[in-house]
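Colleague: Next come a sequence and a model predicted from it.
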Amino acid sequence: MAKKKSKRILQKEKLMYVYIALFVIASIYVGVLFYNSIAYESKIYPGVLVAGIDVGGKTKDEAKNLLTKEIKGKSQNVVLKGAGEYKFSPDELGVSYDIQKTVDNAYDVGRNDDFNPTKRYNQDISFALDIDHDKFMGQLFSITSNENTAVEDAGISMRNGKLSTTKESVGRRVLLGENIESIEGGLSSLKYSFDLRIKDMKPNVTQSDITSAEKQIQDVLSRKITLKGTDKNYPLTEKDITSFISFQNSGTRDSVAYAFSLEHLFPNPTAEDSVDIAFDRPAIRDFAVSFSGRINRDPKNAKLAGSDGQVEVIADSVDGQKVRVDELADKMKDALDNGKNEVEIPAEVTKPEVSSDNLGKLGLKQLVSTGWTDFSGSPHNREVNIAVGASKFNGVLVKPGDNFSFDDTLGPVEASTGYLPELVIKQDKTVPEYGGGLCQVSSTAFRAALNAGLPILERSAHAYPVGYYKPFGVDATIYLPSPDLVFKNDTPGYILVQTRIIGKKLYFDFYGTKKDVTIKFAGSKDGTVGASALVEGISPTITEQEARGEGSFTAEFYRFIYDNSGKLIKTNNWISRYDSPKKYPH
């Protein structure tokens, strides 16, 4: 009979079997890991899906071909549904599928999980998208303009002194952020139809809110408030006061007030539990701005005339007045808030630049020069344009050392500024356009500057000779923004420009301080041909007649400036090459 093993031996045997089992398991585990590392080294691990498409066990190229085929089979217009239905191709939305990046993402699944022996991941990833966000957002914004509707609060209107209300309505707002997230997420999962995420916007003011405040409104409208000016009083009307009333929330921490409008009041007030009457300062200020137009007036310069080389005032200056708008708005709101019935209109006096008191300070001592042109024979529209254009320069002051730009001073030339259509030379034609005839004004200003001995910095002759500007060569064409007429005030004082029309003649008078020089004009360099003390009296030298076609020629004249001893200190000349009028047909 065999002798039984000892308990100690049995324990050692059991421990040995455990070691053997662990060794076998570890060997199998390492073997499986080694197998998987070899078997799936270039393949996507099993169980990996892309938007439900099984790519497990496939190489990158195989997965790419499969996904490309699936995209082509499923890709369609993206449909966005709201109050309307909107269809866009993925390209119109600026969205495309990045297949290569998608495959790379699928291949990366599980690559960092080196201790999973089965390597089966049952993970469904999304397609990677390439999005042109500017195009994508542009299409969504185009939808919001159709889908969004403004919330309509209950309104109040005043007709013939009677108050009535209009019913509120719910607005709609497309939630851009949520829709972007929804669409991008859906497209990455091959979903192409979407219900737009839209939020209903509840009105803040209801008819019941307004009804509850009706007595307060009537109390406010029954008040008598007067704006008091220096020479006239202006009672506020019921319509005026209505435009200041606003609703103020009593159910929210921050109150936002919005102004009434006459036909549809309370466009965007904010309220929740109840409303109280308040006064909207922005609305009050808007009124003050508009009202100030009834009070404000520009100052008027004194009108001057030259007599025996001196200046005399022939029409006194007039002070202007300007309302201090913000101060008026503050005073009005204070009156409304505190039950006051009168508001003094705060205004300040604005002084004219030229008055009988400051002529010496500005150096306006004498008539410096005059220039004139004759527009006899002009049609009606041209005469109107000359008068309107000349008025833009009446009273203009040019500081010592400053350059005067005709175009800048003239301002816009259009129907709204008083001009009529008349012929102008434009490119290679003579065509009707607003402001035709303004070159009569610029040519007259040019002559006044010449007679004053001022430096001429910019001047252009007309394309062809125009009969209104004789003597030829003493014209200056302008057209906004160029060409321009520019001269410099190099006199010791300011130059005041005044314009006048007598009969069919336009005059520019320059008042200021004369330079201590003598000026002479002539048609020749030696000063002997057609000489005159004023540019209007010269006879320019005419050459190259017919050289550029019938009616063409070149005109040239000179200006000589002498000091008080008779020494010639400056010579200028101007050459005007006129083309044939036949090249610029009407």
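Modeller: On my side now, so go ahead. Numbers count the residues shown, from 1 in each chain.
Colleague: Ignoring the adjacent residues along the chain, who's closest to the residue nearest the centre of the chain?
Modeller: Nearest to the mean C-alpha position of the chain, by Cα atoms, centre = their mean, lies residue 412 at 17.7 Å. Spatial nearest neighbour of residue 412, chain neighbours left out: residue 480 (7.9 Å); criterion: Cβ to Cβ, 6 or more residues apart in numbering. Just so you know, the C-beta spots here come from the backbone N, C-alpha and C atoms, and that holds for glycine as well.
Colleague: Please verify my assumption that that neighbour contacts residue 417.
Modeller: No: if you go by Cβ atoms under 8 Å, residue 480 and residue 417 don't touch, sitting 11.4 Å apart.
Colleague: For residue 487, pull up the helix or strand it's in.
Modeller: Secondary structure from DSSP states H and E places residue 487 in strand 486-488.
Colleague: Pull the residues that contact that strand.
Modeller: 401-406, 446, 449, 454-459 (Cβ atoms under 8 Å, 6 or more residues apart in numbering).
Colleague: out of the residues you listed, who has the most neighbours?
Modeller: Within these, neighbour counts (other Cβ atoms under 10 Å) peak at residue 449, which reaches 30 neighbours.
Colleague: I'd say it and residue 371 touch.
Modeller: Yes: judged on Cβ under 8 Å, residue 449 makes contact with residue 371 at a distance of 7.3 Å.
Colleague: just the helices in the stretch 1-150 of the chain please.
Modeller: Remark: helices assigned in the stretch 1-150 of the chain by DSSP state H, counting those that start in this stretch are 7-39, 60-74, 90-93, 99-108, 133-147.
Colleague: pLDDT on the first one, on average?
Modeller: This predicted structure assigns helix 7-39 an average pLDDT of 67.
Colleague: what does the shortest one give?
Modeller: For helix 90-93, the mean pLDDT works out to 89.
Colleague: Keeping just the C-alphas, turn that helix into CSV.
Modeller: Only the C-alpha atoms of helix 90-93 are listed here, as CSV (Å, rounded to 0.1, in the frame of the first residue of the first chain):
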residue,chain,number,x,y,z
PRO,A,90,-23.0,70.9,-49.9
ASP,A,91,-20.8,73.0,-52.2
GLU,A,92,-23.2,76.0,-51.8
LEU,A,93,-22.9,75.6,-48.1
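Colleague: Now do it: distance to the chain's middle.
Modeller: Computed by Cα atoms, centre = their mean, to the nearest Å, the separation of helix 90-93 from the middle of its chain amounts to 31 Å.
Colleague: mind starting the numbering at 227 from now?
Modeller: I'll keep to 227 as the first residue from here, and by that count the last item is helix 316-319.
Colleague: So which bits of that helix are buried?
Modeller: By neighbour count on 16 or more other Cβ atoms under 10 Å, the buried set for helix 316-319 is 316, 319.
Colleague: what do you get for the fourth one?
Modeller: For helix 325-334, a neighbour-count test (16+ other Cβ under 10 Å) marks 325, 328, 329, 331, 332, 333 as buried.
Colleague: list the helices and strands it packs on?
Modeller: strand 274-276, helix 286-300, strand 349-351 (3 or more Cβ pairs under 8 Å, 6 or more residues apart in numbering; DSSP states H and E).
Colleague: among these, which is the most enclosed?
Modeller: Neighbour counts averaged per stretch over the helices and strands packed on helix 325-334 are highest for strand 274-276, at a mean of 24; criterion: mean count of other Cβ atoms under 10 Å.
Colleague: tell me the phi and psi of residue 730?
Modeller: Backbone geometry at residue 730, expressed as degrees, to the nearest 10, gives phi -110, psi 20.
Colleague: Can you report how many residues neighbour it?
Modeller: 13.
Colleague: I'd like to know which elements the helix or strand where residue 562 lies is packed against.
Modeller: Element membership for residue 562, per DSSP H and E: helix 551-564. With contacts defined as 3+ Cβ pairs under 8 Å, 6+ apart, the packing partners of helix 551-564 are strand 501-505, helix 507-521, strand 568-570.
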